[in-house]
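Colleague: Fold the following and give me the result.
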Amino acid sequence: MKKVFYVIFFFGLSLNSQNILNERERAVVVNEILKERFDNLLPKLMDRTGIDMWILISREYNEDPVLRNMLPAEWLNARRRTIILFYRDKENNSLDKLAVARYNFGENIISAWDKESEPNQWKRLNQLIEERDPKKIGINFSKHFNIADGIDKTDYDEFIANISKLNREKIVSAQKLATAWIETRTEKEMNIFSDIVQITHNIIDEAFSSEVIEVGVTTTTDIEWWMREKVTKMGLETWFHPSVDIQRNEEKNQDHLRSFSNRPDKKIIQKGDLLHCDFGITYLRLNSDCQQMAYVMKDGEKEVPKFLQKAFKEGNKLQDILTSNFLEGDSGNTILLNSLKKAKELGLRPSIYTHPLGSYGHSSGPTIGMWDSQSGVKGNGDYPLYKNTVYAIELNITSYINEWGRDIRIMLEEAGFYGENGFRYVNQRQTNIKPIYSN
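Modeller: As a prediction, this is how the structure comes out:
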């Protein structure tokens, strides 16, 4: 009965009011999602990728990124050497979920190794393989997809040394399956995702307000640390350090790298500044990633200057161009190049660097450009778009502002979902620059 109460509490009240679940309540949600993914999602992904046996091997504190994503909520790390074996019998519509480990892997995956009966863990793994006689044995190694490259050299060498020559010949990269597991979202996860994005937006709204900013005193660094502290006090985490930067009238043009890696420290916020932040949180094993913009109103101004709003609308236009090119089966590179071509035909000066988002911040799936690779990304950019996946729609446009006599960049990032009905934002997007009124 308590379990049902927790789920109702979570989906009905908790996140919408920003009353963050306590650790015990989070564990209930995480484990229920894992069970649904193992039972309902994984068989479909194994069928789609043509791998009937998937083996994941990790040692404590050196976890495969995919296996880490599968850990039961009560496990913060793998234990000793943890080996997980999935075997899909499509003909009988069954899925074996076995842990070649001393312990059950939570409630979802049972232990299949009795050390007293067979002291050698590798021999027991080989027995389980031989009993099932798979056609393909997927192992997590990949040249281009870091998240799908989780097996370390020692475990790989020992695995190879302890299976038959016949089974060694069945080994294939599980990159497509590992990527599919990491990138694919369930309906329940998307309900959670929407609220996580709303929390992210709410924190940015507060950060970009007179409640936090004292014009002429507060620095960009102050806001960054305020955001970090805010998240910590809420019992959450950031998956990267927030950043806040300024564009203003009297400054010369900055190079493209400036807003990403070379911002001045302790820059004091003044009236007339155009602010930009990059911020994301981690909660319930999902990640947000958001960039929004604000303007510090000058004395007598009633609205954000129209020339800045006009530039901002061009940023929204680039978002629309990009997301209109989300077509199932197209590669990240195809989506990128089609979008850039269309944007340039409309007179925009675009840059697109959109990435998968979800189980990790920079997650696995089709990379749609990088800020320093606008002609495509080998490997990651060749991966196709699938349904039920989430992306950080990250991009910028450069606009010349006559009133300032210089270029500015409108930099935007919002979580977007691609599913059965095409593309939608997970929880809306910014369509106007936020005004900040000084006290």
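
Colleague: For Val197, see how far away Pro43 is.
Modeller: Noted for Pro43: a distance of 29 Å to Val197, by Cβ to Cβ, to the nearest Å. Bear in mind the C-beta positions are built from the backbone N, C-alpha and C, glycine included.

Colleague: Specify which residue of these two has the higher count of neighbours.
Modeller: More crowded of Pro43 and Val197, by other Cβ atoms under 10 Å: Val197, with 25 against 17.

Colleague: Please give the element, helix or strand, for that one.
Modeller: helix 187-207 (DSSP states H and E).

Colleague: tell me the mean pLDDT for that helix?
Modeller: Throughout helix 187-207, pLDDT has a mean value of 96.

Colleague: could you say what helices and strands that helix packs with?
Modeller: helix 23-36, helix 220-233, strand 274-279, strand 281-283, strand 286-287, strand 290-296, strand 406-419 (3 or more Cβ pairs under 8 Å, 6 or more residues apart in numbering; DSSP states H and E).

Colleague: Switch those over to JSON lines, and while doing so, append mean pLDDT, mean neighbour count and distance to Lys387 to every line.
Modeller: As requested, these are arranged in JSON lines below (pLDDT from 0 to 100; neighbours: other Cβ atoms under 10 Å; distance: least, Cβ to Cβ, whole Å):
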{"stretch": "helix 23-36", "mean pLDDT": "94", "mean neighbour count": "17", "distance to Lys387": "17"}
{"stretch": "helix 220-233", "mean pLDDT": "96", "mean neighbour count": "17", "distance to Lys387": "31"}
{"stretch": "strand 274-279", "mean pLDDT": "98", "mean neighbour count": "24", "distance to Lys387": "28"}
{"stretch": "strand 281-283", "mean pLDDT": "96", "mean neighbour count": "21", "distance to Lys387": "24"}
{"stretch": "strand 286-287", "mean pLDDT": "96", "mean neighbour count": "25", "distance to Lys387": "18"}
{"stretch": "strand 290-296", "mean pLDDT": "98", "mean neighbour count": "24", "distance to Lys387": "23"}
{"stretch": "strand 406-419", "mean pLDDT": "98", "mean neighbour count": "22", "distance to Lys387": "5"}
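
Colleague: To Ile397, which of these lies closest?
Modeller: Closest approach to Ile397 among the helices and strands packed on helix 187-207 (Cβ to Cβ): strand 406-419, 5.2 Å.

Colleague: Quick one: list the elements packing against the helix or strand that that closest one is followed by.
Modeller: Later in the chain than strand 406-419, the nearest helix or strand by DSSP H and E is strand 422-425. Packed against strand 422-425 by the contact rule (3+ Cβ pairs under 8 Å, 6+ apart) you find strand 406-419.

Colleague: Report all helices and strands that the strand it packs on contacts.
Modeller: Here strand 406-419 touches helix 187-207, strand 274-279, strand 290-296, helix 306-324, strand 389-401, strand 422-425, going by 3+ Cβ pairs under 8 Å, 6+ apart.

Colleague: Mind checking the pLDDT average for the helix or strand that comes right after the last one?
Modeller: I take that to be strand 422-425. Toward the C-terminal end, the helix or strand that comes next after strand 422-425 (DSSP H and E) is strand 434-436. Regarding strand 434-436, the rounded mean pLDDT is 97.

Colleague: just use 43 as the starting number from now, easier for me
Modeller: Yep, numbering from 43; the last one is strand 476-478 now.

Colleague: Can you give me the buried ones in strand 476-478?
Modeller: Residues of strand 476-478 classed as buried by neighbour count (16 or more other Cβ atoms under 10 Å): Lys476, Ile478.

Colleague: For it, what is the distance to the chain centroid?
Modeller: On the basis of Cα atoms, centre = their mean, to the nearest Å, strand 476-478 sits 28 Å off its chain's mean C-alpha point.

Colleague: do stretch 63-70 as well
Modeller: With Cα atoms, centre = their mean, you get 21 Å for stretch 63-70.

Colleague: Over to stretch 371-379?
Modeller: 19 Å.

Colleague: One more: stretch 78-88?
Modeller: Centroid separation for stretch 78-88 versus its chain: 20 Å, with Cα atoms, centre = their mean.

Colleague: And stretch 86-104, by the same measure?
Modeller: With Cα atoms, centre = their mean, you get 20 Å for stretch 86-104.

Colleague: From one end of it to the other, what's the distance?
Modeller: 28 Å (Cα to Cα, to the nearest Å).

Colleague: what's the distance between the residue nearest the centre of the chain and Ala115?
Modeller: Geometric centre of the chain, nearest residue: Leu399, 2.4 Å, by Cα atoms, centre = their mean. Using Cβ to Cβ, Leu399 is found at 21 Å from Ala115.
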